[in-house]
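Novice: Here is a sequence with its predicted model. Questions after.
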Amino acid sequence: MLSIVVLISGGGSNLRALLDATSDDDYPARIVAVGSDTDADGLAHAEAFGVPSFTVVPTSFASRADWGDELLQQVQQWSPDLVVCAGFMRILPPRFVEALSPQLINTHPALLPLFPGAHAVRDALAAGARETGVTVHIVDEGVDTGPTLVQRVVPVLPGDTEHVLQERIKTVERDLLVQTVRNIATGTIDLDTIHHSNRSTTTP
């Protein structure tokens, strides 16, 4: 059984999808804790499912590195097999990434490497893209630059606003995250193999 810590910053719709999935005895993973960088609304989902939670607020620390070290300590006390960034809106410090990657994944509302960063949906619309989508990837020290695990296309429809497109992407994102975690738990996706393969192709 794969043990997971989920990190969130907002409403936690992806967290809720994982909580719903892991409540099924046939699903091969369990969420052992939920962490946040703020008093996020999504923490209520953890409470509803009886899952412990913790909050590590960056402004309480002298530096980003100190914040990352405390966040890492909070995560590691649960000894998770996988850490899932599900709408976690902060760039993780290098020591945090180094300690956990490649067992550290993120969802992103675009077909990376297109439209990285915090405004992916807005950027896709501004660029006149006819399609965008969802990427689940391993987190590295860059911004949405880690090895891709899986992607799914979402069409951009005439008249789409940022909100409408974002909501349509979120529906796909939730399903794709649940499937990806299942595939990691069953070994269909091997994070170490993908990580090492990516390093061998990018290292001179």
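Specialist: Cool, got the structure.
Novice: can you pull the contacts of Thr132?
Specialist: If a contact means Cβ atoms under 8 Å, 6 or more residues apart in numbering, then Thr132 has 109-111, 114-115, 120-121, 124, 153-154, 156, 165, 169 as its contacts. For glycine as for every other residue, the C-beta is placed from the backbone atoms N, C-alpha and C.
Novice: ok, 7 Å please
Specialist: Under the criterion of Cβ atoms under 7 Å, 6 or more residues apart in numbering, the neighbours of Thr132 are 110-111, 115, 124, 154, 156, 169.
Novice: Give the rounded mean pLDDT of the lengthiest helix in the chain.
Specialist: For the chain, the helix with the greatest residue count under DSSP state H is helix 162-186. Helix 162-186 shows a mean pLDDT of 97 in the predicted model.
Novice: buried sites along it?
Specialist: Residues of helix 162-186 classed as buried by neighbour count (16 or more other Cβ atoms under 10 Å): 165-166, 168-170, 173-174, 176-185.
Novice: who does that helix touch, helix- and strand-wise?
Specialist: strand 2-8, helix 13-22, helix 120-126, strand 131-138, strand 148-155 (3 or more Cβ pairs under 7 Å, 6 or more residues apart in numbering; DSSP states H and E).
Novice: Can you say which of those is packed in most?
Specialist: strand 2-8 (a mean of 25; mean count of other Cβ atoms under 10 Å).
Novice: Now do Ala65 against Ser101, distance only.
Specialist: Shown here: Ala65 relative to Ser101, a distance of 17 Å by Cβ to Cβ, to the nearest Å.
Novice: Over to stretch 8-26 now: how far is its first residue from its last?
Specialist: According to Cα to Cα, to the nearest Å, stretch 8-26 extends 25 Å from its N-terminal end residue to its C-terminal end residue.
Novice: Mind picking out the helix or strand in the chain with the poorest mean pLDDT?
Specialist: The helix or strand with the lowest mean pLDDT-type score in the chain, counting by mean pLDDT, DSSP states H and E, is helix 191-202 (a mean of 78).
Novice: low pLDDT regions in this structure?
Specialist: Within the chain, the set of residues satisfying pLDDT under 70 comprises 199-204.
Novice: switch the cut-off to 80
Specialist: 198-204 (pLDDT under 80).
Novice: burial count for the nearest residue to Asp192 once chain neighbours are set aside?
Specialist: The shortest distance from Asp192 to any non-neighbouring residue, by Cβ to Cβ, 6 or more residues apart in numbering, is to Pro102 (6.1 Å). One way to gauge burial is a neighbour count; for Pro102, by other Cβ atoms under 10 Å, it gives 22.
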